[in-house]
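Student: Below: sequence and its predicted model.
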Amino acid sequence: MQTIGVLGAGAWGTALAAAAAGAGRDTILWAREAEVVASVRDKHENTLFLPGVTLDPKIRATGDLADMAASDAVLIVSPAQHLRSMAAALVKHLRPDVPLVICSKGIEVATGKLLSEALEEVAPGHPVAVLSGPTFAAEVARGMPCALTLAARDKVVGEALVQALGQPTFRPYYNHDVVGAQVGGAVKNVLAIACGIVAGLNIGENAKAAVITRGLAEIMRFGALYGAERETMMGLSGLGDLILTCGSTQSRNMSLGKAIGEGRTFADIMAERNSVAEGAHTVEIVHKIAAEKGLSMPITEAVYKILKEGQDVRTVMDELLNRPFKTESR
């Protein structure tokens, strides 16, 4: 796996391209925006999505999917709700055995399917892997240390990807649980919005710790529905990612929640952004599935009421705090 393609040049895609180049791989970064292609090519910087970070000059930026044809593996970093259509367009240019690595976090709103299920439908025959964990793009792009889960059902493919991408400051740990690696990353974005709301309301660190811990219980319940393994959700792609995303406004989801808690409207916040807070999409489908399956996910429900129904933030949080007492294991 000498040539690594990266599909999507937002902050995270750009950071992954930097990591692949840092591992000594020939790296091709596909961007939808012509200005991003020009910026990476000419200035060695993604001035639109990751300003201030100098990129390896060897990263090749392109806006033509046909240029991905030489890839030995492709990291798919498009927004979760566009992964299906982007992958369908991509695979026309790839060899039929090229592994596809999901690096986005979410669940398809239109179908309720995990991203791996969507990918398998449009790219049959391609090995599927998931790369997920507690990472902020700017830190990864600057070569600061991190550890992630790299999940693949095919151990040979998974370990080959670990060797291709791994380096002292970018440490992927192999895991066979593709489902668990996706559930943790998807649901934690919803919980990060809840933690941001707590911060915006200024109701204390104790409340944030409670949201993180009880939120982990919601991840576990939701993951069990899909057959995810508890150990995976307690690892880097679950608990690790939850802790990071709920602890800093570097997180787009946490910062979204904080702004809402401070009294701003969802529509006004999103109008100012050029990046996606995936939790704002994921909450819709997670809430729907939980309601249909009778899962108790009160924090997710609270975020849904605030974002999708426009209910008053303080009223919803008061309802959450006044729920009946129960045993911790439930």
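Tutor: Looks like it came in fine. Just so you know, these numbers come straight off a predicted model, no measurement behind them.
Student: So V74: helix, strand or coil?
Tutor: Here V74 is strand, with the state taken from DSSP: H, G, I helix; E, B strand; the rest coil.
Student: Give me the nearest residue to it, chain neighbours excluded.
Tutor: G5 (4.1 Å; C-beta to C-beta, 6 or more residues apart in numbering). Heads up, the C-betas are built off the backbone N, CA and C, glycines and all.
Student: Wait, a helix at that neighbour?
Tutor: No: G5 is assigned strand when assessed by three-state DSSP, not a helix.
Student: List the contacts of it.
Tutor: By C-beta atoms under 8 Å, 6 or more residues apart in numbering, the residues touching G5 are 27-28, 30, 68, 70-71, 73-75.
Student: how about 6 Å then?
Tutor: Shown in contact with G5 (C-beta atoms under 6 Å, 6 or more residues apart in numbering): 28, 68, 71, 74.
Student: now swap in D72 and tell me
Tutor: 1-3.
Student: Spatially nearest residue to it (excluding sequence neighbours)?
Tutor: Distance criterion C-beta to C-beta, 6+ apart; nearest residue to D72, sequence neighbours excluded, is M1 at 4.2 Å.
Student: And for T249?
Tutor: Distance criterion C-beta to C-beta, 6+ apart; nearest residue to T249, sequence neighbours excluded, is S255 at 4.3 Å.
Student: hmm, back to that, which ones among the contacts of G5 are found in strands?
Tutor: 28, 74 (DSSP state E).
Student: Dump the contacts of G5 to TSV, plus distance to A17, neighbour count and pLDDT.
Tutor: Formatted as TSV, those follow (distance: C-beta to C-beta, whole Å; neighbours: other C-beta atoms under 10 Å; pLDDT from 0 to 100):
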residue	distance to A17	neighbour count	pLDDT
I28	8	22	98
M68	12	21	98
S71	12	26	98
V74	12	26	98
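Student: Closest one of the contacts of G5 to A129?
Tutor: A129 has its nearest neighbour among the contacts of G5 in V74, at 10.3 Å by C-beta to C-beta.
Student: Next up, the contacts around that closest one.
Tutor: Contacts of V74 (C-beta under 6 Å, 6+ apart): 5, 7, 100.
Student: And the pLDDT for the first one?
Tutor: In this case it means G5. pLDDT for G5: 98.
Student: What ranges does the stretch 201-330 of the chain have for its strands?
Tutor: For the stretch 201-330 of the chain, no strands turn up when DSSP state E, counting those that start in this stretch is the criterion.
Student: Could you list the domains of the protein?
Tutor: Domain assignment for the chain by automatic domain parsing gives 3-176, 184-321.
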